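> Predicted coordinates and the sequence they were generated for:
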Amino acid sequence: MSYDLIVIGSGPGGYVCAIRAAQLGLKTAIVEKRKTYGGTCLNIGCIPSKALLHASEMFEEVAHGLGKLGVSVGKPKLDLPAMMKHKDDTVGANVQGVAFLLKKNKVDGFIGTGSIPAAGKVEVTAEDGAKQVLETKNIVIATGSDVAQLPGVTIDEQVVVSSTGALELPKVPGKLIVVGAGVIGLELGSVWRRLGAEVTVVEFLDRILPGLDLETCKQFQRLLEKQGVKFQLGAKVSSVENTGKGAKVTIEPAAGGAASTLDADVVLVAIGRRPYTQGLGLEALGVALERGQIVIDSHFATNVPGVYAIGDVVRGPMLAHKAEDEGIAIAEILAGQHGHVNYEVIPGVVYTSPEIACVGATEEDLKARGVAYKAGKFPFTANGRARAANHTDGFVKVLADATTDRVLGVHILGHGAGEMIAEAAVLMEFGGSSEDLARTCHAHPTMSEAVKEAALAVEKRAIHI
Ligand SMILES: NC(=O)c1ccc[n+]([C@@H]2O[C@H](COP(=O)([O-])OP(=O)(O)OC[C@H]3O[C@@H](n4cnc5c(N)ncnc54)[C@H](O)[C@@H]3O)[C@@H](O)[C@H]2O)c1
C-alpha cells in the first residue's frame with residue numbers, strides 16, 4: 001500500500017498535521033517512537049507540567065491565600081503520590097484522546113522509529129528490531145526537540161534532572177538549583193518552590209526570560225522573589241558535580257571573575273532545547289541542516305523533493321501551537337490548498353503565578369526596528385474583579401503603531417493572562433487598532449477589562465486610573 005503522506009513524530013505538530021491531511025482526503029500514516037502518541041508536549045512537557053503547576057498552585061493557595069478571603073482550613077498536607085497520579089491521569093487521558101482522534105480520522109499508526117532511506121520511503125524499526133518499509137508520496141518530519149545538554153554534565157534524572165526528571169521527583173528537594181531562567185526553569189522551579197523546596201535560579205544573562213518584554217519580566221522577577229525564589233543573574237553554571245546524594249554546582253560570573261559553589265539536593269538543567277533529527281538518515285538523504293535545524297522554504301519544503309518539516313526541528317519558536325499551525329498549513333498545501341502561518345501573531349505563555357502572556361512585538365523589538373509606537377498600560381490593582389479575587393499583581397501593556405494605531409504587541413502579567421491574550425491575538429490577526437480594542441465592549445466585572453483599559457491608555461484616556 002502507498003500513502004499520500006507519512007508524518008514522522010506524533011507531537012502537536014505531527015498529529016494535528018496527520019488529522020488535517022486525513023480530513024482533506026489524503027491517505028495518511030503517522031510513525032511514533034514512543035509507546036503513546038502526543039510527543040514531548042503531552043507525555044513529558046506542556047500537559048504534565050500544567051497538571052503539577054495547577055495542583056501546586058492550589059496547595060499554595062490553601063496554605064497562604066484562603067485566610068484573607070475568610071476561609072480557614074488549617075495547614076494543608078502534601079500528598080505527592082496523589083499529585084503525581086493526577087498528573088499521570090491527565091497525561092493518560094490526553095494521549096488516549098489523540099489515539100482516538102487518529103483512529104477516528106482513519107490515520108494509520110505505526111509504533112517504531114521512523115527513518116527516511118530515500119524520498120518516498122519511510123522505514124519503521126520496532127522496539128524488537130523488526131523493520132518495515134512504507135511507500136509514500138510525501139513525508140513530513142515532525143520529530144520535535146530534545147533537552148540541550150550542559151557540556152560535561154550528565155543528566156541522571158535523579159540528582160541532575162532535565163524537565164523530564166523534574167516532573168517525576170519522588171520527594172520535594174530541600175534545595176533545588178535551576179540552571180537557566182527560561183520558561184522551563186521558572187515553571188518547574190515554581191512547582192517545587194510552592195511544594196516547599198528552596199529554589200535558586202542561576203541565569204547566564206542579566207535578565208530572566210530572554211526575548212520577552214523586559215519591563216514585564218523585571219516586575220515578574222520581583223514577584224517571584226517575593227514568593228521566595230532566589231536569582232543569581234549574570235552567572236554561568238560551568239560544572240555540576242554529582243555526589244549521588246546531591247550536587248555541587250560551580251558558578252562563574254558571566255563577566256569573568258572568581259567562581260563560587262552552591263550545594264543542592266537536585267539540579268534542574270533548563271538551558272534550552274535542540275532540534276531532534278538523529279536517526280532519520282537526513283545526512284545520507286542530503287537534507288540541508290543549519291545549526292541543527294532542518295532548512296525549509298516558506299512552504300515547509302526541504303531541499304529534497306517530497307520531504308517537508310515542521311515544528312521544533314525548523315526555525316521559529318519552539319512552541320506546540322506554532323507546530324500545530326504549521327502542521328495544518330502543510331497538510332492544506334499538500335492537499336492543493338493555500339496553507340499559511342502568520343508568524344507575527346503567535347502568542348506565548350509562561351504558566352507561572354501570575355502568568356505572563358504575550359503576542360507580537362516587545363518594546364525592545366520595536367526600538368531595535370526603529371518603529372514609532374505608543375504604549376498603554378493598565379495595572380490589575382485598578383480592576384474590580386482582580387481585587388475581588390485577590391489577584392491584583394501585574395498589568396496589561398498594549399503597544400500600537402504611533403502613526404496607524406495598529407496593535408503591534410500585547411503583554412500581560414497577571415492571573416489568567418494565558419486566557420486573556422487570546423483576544424489580543426484575534427485583534428492582531430485581523431490587523432486591529434488600539435481604538436478597535438478600546439471600543440469593544442468588555443463584560444464587567446472581568447479581568448479582561450484591563451486589556452480594554454490598556455488600549456484606552458494608548459491615547460491616555462483610560463477611565464479607571
Ligand atoms: N510555556 C511554554 O510555552 C513553554 C514551557 C516549557 C518549554 N517551552 C519551550 O521549550 C524550550 C526550552 O525551554 P528552556 O526554558 O529550557 O530554554 P530557554 O531557551 O527558554 O531558556 C534557557 C535559559 O538558560 C540560560 N543558560 C544557558 N546556559 C546557561 C548556563 N551554563 N548557566 C546559566 N544559564 C544558562 C539561557 O541564557 C536562557 O535564559 C523553549 O524554546 C521554550 O519556549 C515553552
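Okay, I see it. Numbers count the residues shown, from 1 in each chain.
> Can you name the residues in contact with the longest strand along the chain?
Counting by DSSP state E, the longest strand found in the chain is strand 131-141. If you take CB atoms under 8 Å, 6 or more residues apart in numbering as the criterion, strand 131-141 is touched by 1-9, 14, 17, 29, 31, 110, 116-117, 119-125, 277, 280, 294, 300, 302, 306-310, 313, 327, 330, 334. To be clear about C-beta, it is placed using only N, CA and C from the backbone, and glycine gets the same treatment.
> Please type out the PyMOL selection for whichever of the residues you listed turn out to be buried.
Selection of buried members from the contacts of strand 131-141 for PyMOL, criterion 16 or more other CB atoms under 10 Å:
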select buried, resi 3+4+5+6+7+8+9+14+17+29+31+110+116+119+120+121+122+123+124+125+277+280+294+300+302+306+307+308+309+310+313+327+330+334
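> So which of the contacts of strand 131-141 are in helices?
14, 17, 327, 330, 334 (DSSP state H).
> Show me the strands in the stretch 351-465 of the chain, by range?
Listed in chain order, the strands of the stretch 351-465 of the chain (DSSP state E, counting those that start in this stretch) span 355-360, 373-379, 395-401, 407-414.
> Same question for the stretch 151-300 of the chain.
Using DSSP E, counting those that start in this stretch, strands in the stretch 151-300 of the chain cover 160-161, 175-179, 198-202, 230-232, 235-242, 247-253, 260-264, 266-269, 273-275, 289-290, 293-294.
> what about Arg369, neighbour count?
10 (other CB atoms under 10 Å).
> With adjacent residues omitted, what lies nearest to it?
Ala361 (7.8 Å; CB to CB, 6 or more residues apart in numbering).
> who's in contact with that neighbour?
369, 371, 399, 408-409.
> among these, which are in reach of the ligand?
Checking the contacts of Ala361 against the ligand by CB under 6 Å from any ligand atom, not one of them is in range.
> Just the buried residues of those.
Counted by 16+ other CB under 10 Å, those give 399, 408-409 as buried.
> which of the residues you listed lies closest to Asp156?
Gly409 (41.0 Å; CB to CB).
> any idea how far that closest one lies from Gln219?
As judged by CB to CB, to the nearest Å, Gly409 and Gln219 stand 16 Å apart.
> What of Met420?
16 Å.
> likewise Ala462?
Distance, Ala462 to Gln219, by CB to CB: 18 Å.
> swap in Val345?
The spacing between Val345 and Gln219, counted by CB to CB, is 24 Å.
> Kindly report the residues of the stretch 301-450 of the chain close to the ligand.
318-319, 348-351.
> let's see it at 8 Å
312, 317-320, 348-351 (CB under 8 Å from any ligand atom).
> Could you tell me which of the residues you listed belong to strands?
348-350.
> so what's the residue of the stretch 101-250 of the chain at minimum distance from the ligand closest to, chain neighbours aside?
Among the residues of the stretch 101-250 of the chain, Gly182 lies nearest to the ligand; the distance is 2.0 Å by CB to the nearest ligand atom. Excluding its sequence neighbours, the residue lying closest to Gly182 (CB to CB, 6+ apart) is Ala270, at 5.9 Å.
> Could you chop this protein up by domain?
Structural domains annotated on the chain: 3-147+274-335, 160-271, 347-458, as defined by the TED database.
> Turn the ones you listed into CSV, columns for mean pLDDT.
CSV is the format used below for those (pLDDT from 0 to 100):
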stretch, mean pLDDT
domain 3-147+274-335, 98
domain 160-271, 97
domain 347-458, 98
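> could I get those as TSV with distance to Thr154?
Output for the domains of the chain, formatted as TSV (distance: least, CB to CB, whole Å):
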stretch	distance to Thr154
domain 3-147+274-335	12
domain 160-271	7
domain 347-458	28
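> Based on its surroundings, how many neighbours for the residue in the stretch 301-450 of the chain positioned nearest to the ligand?
For the stretch 301-450 of the chain and the ligand, the shortest gap (CB to the nearest ligand atom) falls at Met318, measuring 3.5 Å. Burial of Met318 is recorded as 18 neighbouring residues (other CB under 10 Å).
> what's the residue nearest to the spatial centre of the chain in contact with, if anything?
Nearest to the mean C-alpha position of the chain, by CA atoms, centre = their mean, lies Leu319 at 5.0 Å. Each residue near Leu319 by CB under 8 Å, 6+ apart is listed here: 346, 348.
> change it to 10 Å
12-13, 41, 46, 183, 311-312, 325, 346-349 (CB atoms under 10 Å, 6 or more residues apart in numbering).
> Likewise for Gln227?
60, 64, 190, 193-194, 199, 352-353.
> Among the residues you listed, name the buried ones.
Among these, those classed as buried by neighbour count (16+ other CB under 10 Å) are 60, 190, 193-194, 199, 352-353.
> Get me the contact residues on the stretch 51-200 of the chain for the ligand.
145, 147-148, 150, 163, 179-187.
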